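Sequence first, predicted coordinates after that:
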Amino acid sequence: MPVIKPVKGIHPTFGDNCFIAENATIVGEVIMGNDCSIWFNAVVRGDVNSITIGNKVNVQDGAIIHCTYTNLPAGQAGAKTTIGDNVSIGHNAIVHGCTLEDNVLIGMGAIVMDNAVVEKNAIVAAGAVVLENTRVESGTIYAGVPAKKVKTISPEHFEGLNMRIANNYVIYSEWFK
């Protein structure tokens, strides 16, 4: 059974047709849309701030989604995590206190830090590190440490890769239900 538990009286909520792997962990203020999947050993931890996940989002094996505490000293703000629709978060990626807009792909082992924004139709390459307050432009691939723009991608590329992965994970999750 997955670990699904409240924190400070706030329970995770789930949309329709979601798959949660037996050893996934989802705690606290997590709001998940429809057709999402949280895979083996993934952690979605809404204990110190909120995590909002759109529709058709897959959080692949070993990935971690977290946020930054809201009750920081004066002049410092916590960072919630907001994830749009049709987002794929690759194996062992870390998504922390940031915004991922619609149709985004976060590559395997990538890290996206606090207050970063990955705009719609963008790709963060495997192993990339998107530093705090970085804006990943729509229609681009960012790669490296720290992540920088390496390529502009066409809408066709996007449909062929990002949307295919999001749709495939809805299919894969059906195999486990």
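It's in.

hey, what's the residue positioned nearest the centre of the chain bridged with?
Of all residues in the chain, the one closest to the mean position by C-alpha atoms, centre = their mean is residue 89, 5.1 Å from it. Beta-bridge pairing for residue 89 (DSSP bridges): residue 59, residue 106.

doesn't residue 107 make contact with it?
No. Residue 89 is beyond contact range of residue 107, at 9.2 Å (criterion: C-beta atoms under 8 Å). (Each C-beta comes from the backbone N, C-alpha and C, glycine too.)

who are the neighbours of the biggest strand by length in the chain, in terms of helices and strands?
The strand of greatest length in the chain, counted in residues with DSSP state E as the criterion, is given as strand 43-53. Using 3 or more C-beta pairs under 8 Å, 6 or more residues apart in numbering; DSSP states H and E as the contact definition, the elements that strand 43-53 packs against are strand 25-32, strand 64-66, strand 81-83.

Give me the contacts around the longest helix along the chain.
Longest helix in the chain by number of residues (criterion: DSSP state H): helix 164-175. Contacting residues not belonging to helix 164-175 are listed as 17-19, 35, 37, 56-58, 60, 86-88, 103, 105 [C-beta atoms under 8 Å, 6 or more residues apart in numbering].

Tell me the buried residues within those residues.
Buried members of the contacts of helix 164-175, counted by 16 or more other C-beta atoms under 10 Å: 17-19, 35, 37, 56-58, 60, 86-88, 103, 105.
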